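Undergrad: All I have is the shape, not the residue letters:
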Ligand code: BEZ
Ligand code: FE
């Protein structure tokens, strides 16, 4: 059994991937091992800390279900999701900024006529939304599907409420842009809301004395035939969490 010192151990693990047929997989595995080993060396990770991390990740996995993805939430609050989005959307001068889809896109967006009230009668301050979808040169994109979804004025999405299964969607709809690329609808103002805190990710947020809030926003998923889909959202001016978004969306925008 060979005895490795700390650096030789890293090199040996990296060499173990030598025969990986896919070059990209080989590269990703090598870099992952390099970064993980660097972390362990830099922090002098103890057995207890390593055990805690294993237990934490186990609990993150156990919290996942068909309707709950705790690993994506973990990636969101560590800024990894926004970073993946950023490195995949470089060089988009003039294009609308992108963001993560988030856990409340549930894919059940019923087409509605322009001008419809999508709030399904829930109380709140009324809001009118209108916008236009164009290509980078300003050419209107008619026939584009625009899915919209947002929280209510208590900070809950329809899919988080027990009534969702019986009463169907509210503050969630699909519009098809007209020949001029336009769409418009009525609804209520959303409010800022906490990400789900009843799992290990929430525990980590609270233990590290971070707050779990996202500033109020409306999500848009725009899918125009022949174009890459766009996931974006619009924040509500004046929200007190605009500069401390728990998923770091605003931080990325500021650094551009
Ligand atoms: C959201 O905006 O819906 C969201 C995004 C990431 C994590 C949690 C919520
Ligand atoms: Fe959201």
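TA: Everything's here; your move. Remember, predicted model here, so these are calculated numbers, not experimental data. Ligands and ions are numbered 1, 2, ... in the order given.
Undergrad: Going by C-alpha atoms from here, please, whenever you check contacts or count neighbours.
TA: OK.
Undergrad: In contact with the closest residue to ligand 1 within the stretch 151-256 of the chain: list those residues for me.
TA: Among all residues of the stretch 151-256 of the chain, residue 195 sits closest to ligand 1, at 4.9 Å; criterion: C-alpha to the nearest ligand atom. When contacts are counted by C-alpha atoms under 8 Å, 6 or more residues apart in numbering, residue 195 is found next to 202, 212-214.
Undergrad: among these, who's most crowded?
TA: In terms of neighbours by other C-alpha atoms under 10 Å, the contacts of residue 195 top out with residue 214 at 25 neighbours.
Undergrad: quick one, phi psi at it?
TA: Per-residue torsions, residue 214: phi -110, psi 140 (degrees, to the nearest 10).
Undergrad: quick one: it and residue 191 touch, right?
TA: No - under the contact definition of C-alpha atoms under 8 Å, residue 214 does not touch residue 191, with a separation of 9.1 Å.
Undergrad: Any figure for the gap between the closest residue to residue 134 other than its chain neighbours and residue 178?
TA: Leaving out its chain neighbours, the residue that sits closest to residue 134 by C-alpha to C-alpha, 6 or more residues apart in numbering is residue 140, at 4.2 Å. Using C-alpha to C-alpha, to the nearest Å, residue 140 is found at 9 Å from residue 178.
Undergrad: Number of residues surrounding residue 231?
TA: For residue 231, the neighbour count with other C-alpha under 10 Å is 19.
Undergrad: hang on, it is in a helix, isn't it?
TA: No - in this structure, residue 231 is strand, not part of a helix, as judged by DSSP: H, G, I helix; E, B strand; the rest coil.
Undergrad: so what pLDDT did the residue in the chain positioned nearest to ligand 1 get?
TA: The minimum distance from the chain to ligand 1, using C-alpha to the nearest ligand atom, falls at residue 102 (3.6 Å). The score at residue 102 is 91. That number is its pLDDT.
Undergrad: Would you indicate which residues of stretch 157-166 are buried?
TA: Buried residues in stretch 157-166, counted by 16 or more other C-alpha atoms under 10 Å: 157-159.
Undergrad: want to throw the contacts of residue 195 into JSON lines with pLDDT, secondary structure and distance to residue 165?
TA: Output for the contacts of residue 195, formatted as JSON lines (pLDDT from 0 to 100; DSSP: H, G, I helix; E, B strand; the rest coil; distance: C-alpha to C-alpha, whole Å):
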{"residue": "202", "pLDDT": "97", "secondary structure": "helix", "distance to residue 165": "25"}
{"residue": "212", "pLDDT": "97", "secondary structure": "coil", "distance to residue 165": "26"}
{"residue": "213", "pLDDT": "97", "secondary structure": "strand", "distance to residue 165": "26"}
{"residue": "214", "pLDDT": "96", "secondary structure": "strand", "distance to residue 165": "25"}
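Undergrad: With that, I have no additional questions.
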